[in-house]
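Enquirer: here is a sequence with its predicted model. Questions after.
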Amino acid sequence: MADNGILQLRSLREQVYEYLRDAINRGELDAGSFLDQKQLSENLGISKTPLRDALIQLETEGFVSILPRRGVVVNRLTLEDVRNLYEIIGALEGAAVISVGDLLEEAHYRQMRALNSEMVAAVEAGNFNRYYARNLAFHEVFLGLTRNNSLRRMVENAKHRLYDFPRRREFVPEWELASTEEHAAFLDLLESGDVRVAADYLRDVHWSFAVQQRFILQYYFPDAELLKAEGA
């Protein structure tokens, strides 16, 4: 592998995967475009094998589609994709909360409340990256307690699909603040001992497509023609 500064010495397949996913996130690989595998191999100084392996992983996670005799195309994130991902994440995170309810302690609640406060401050400061990072960290407090690594990977992959197609940098402040209010309500339920009710709230409100739909349309599909094409 050429030492061109793009990739560092780790698992080669992992490096290529992360490089391509980040390129999608940055908007360098446009949705609907075909990837030039020969050019990518040359640019990265690698053989086609690790590139192919990385593309297979990206296809599994929904980032690309490998089309026989046509090549590899970067997938668009559709309204149906978002609907399905919300259902998946809600179900999995709800199950995680139920499984770790007995492990949650006061320190976890303090940590989540602090992260939620930082999210509010990030919205007020107009700092999307900070909000995004604190939001992931909030959910990771309880997800990190589960021993079900498969569940955690599935949630992580689903969130990558939601946030990296590519990730929009603009705020929808009303949505971000509503999300922090939902976090606070979720924590109130947890701290009162209603773990199953808290899990239901997380699934049926925070990750409900129907509840969040107007914000989802505003954030992901601001183009009226795209909304019309999606049948929204």
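Expert: Looks like it came in fine. Residues are numbered from 1 along each chain as shown.

Enquirer: domain assignment for this structure?
Expert: What automatic domain parsing lists as the domains of the chain is 12-74, 79-230.

Enquirer: how long is the shortest one from one end to the other?
Expert: Criterion C-alpha to C-alpha, to the nearest Å; first-to-last residue distance in domain 12-74 is 21 Å.

Enquirer: who's in contact with residue 144?
Expert: residue 152 (C-beta atoms under 8 Å, 6 or more residues apart in numbering). Bear in mind the C-beta positions are built from the backbone N, C-alpha and C, glycine included.

Enquirer: now it: how far from residue 158?
Expert: Using C-beta to C-beta, to the nearest Å, one gets 17 Å for the distance from residue 144 to residue 158.

Enquirer: dump the domains of the chain into TSV; add mean pLDDT as well.
Expert: Converted to TSV, those look like this (pLDDT from 0 to 100):
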stretch	mean pLDDT
domain 12-74	87
domain 79-230	92
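
Enquirer: parallel or antiparallel, list what pairs with the host helix or strand of residue 66.
Expert: Per DSSP states H and E, residue 66 falls inside strand 64-67. Taking DSSP bridges as the criterion, strand 64-67 pairs within the sheet with strand 71-74 (antiparallel).

Enquirer: buried sites along the partner strand?
Expert: 72, 74 (16 or more other C-beta atoms under 10 Å).

Enquirer: just how off-centre is that strand within its chain?
Expert: Relative to its parent chain, strand 71-74 has a centroid offset of 21 Å by C-alpha atoms, centre = their mean, to the nearest Å.

Enquirer: which secondary structure elements does whichever helix or strand comes after it contact?
Expert: Sequence-wise, the next helix or strand downstream of strand 71-74 (DSSP H and E) is helix 79-100. Helix 79-100 is packed against helix 128-143, helix 149-163, helix 195-201, helix 209-220, with contacts defined by 3 or more C-beta pairs under 8 Å, 6 or more residues apart in numbering; DSSP states H and E.

Enquirer: counting by contacts, list what the longest one packs against.
Expert: When contacts are defined as 3+ C-beta pairs under 8 Å, 6+ apart, helix 128-143 sits against helix 79-100, helix 106-125, helix 149-163, helix 173-191.

Enquirer: closest to residue 139 out of the ones you listed?
Expert: Minimum separation from residue 139 across the helices and strands packed on helix 128-143 (C-beta to C-beta) falls at helix 79-100, 6.7 Å.

Enquirer: give me the residues contacting the closest one.
Expert: Contacts of helix 79-100 (C-beta under 8 Å, 6+ apart): 62, 139, 142-143, 145-146, 148, 151-152, 154-155, 158-159, 161-162, 190, 195-196, 198-200, 202-204, 206-209, 212, 216-217, 220-221, 230-232.

Enquirer: for ChimeraX, write a command that selects the buried ones of these.
Expert: Applying 16+ other C-beta under 10 Å to the contacts of helix 79-100 leaves a buried subset, and the ChimeraX line that selects it is:
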select :62,139,142,143,145,146,151,152,154,155,158,159,161,162,190,195,198,199,200,202,203,206,207,208,212,216,217,220,221
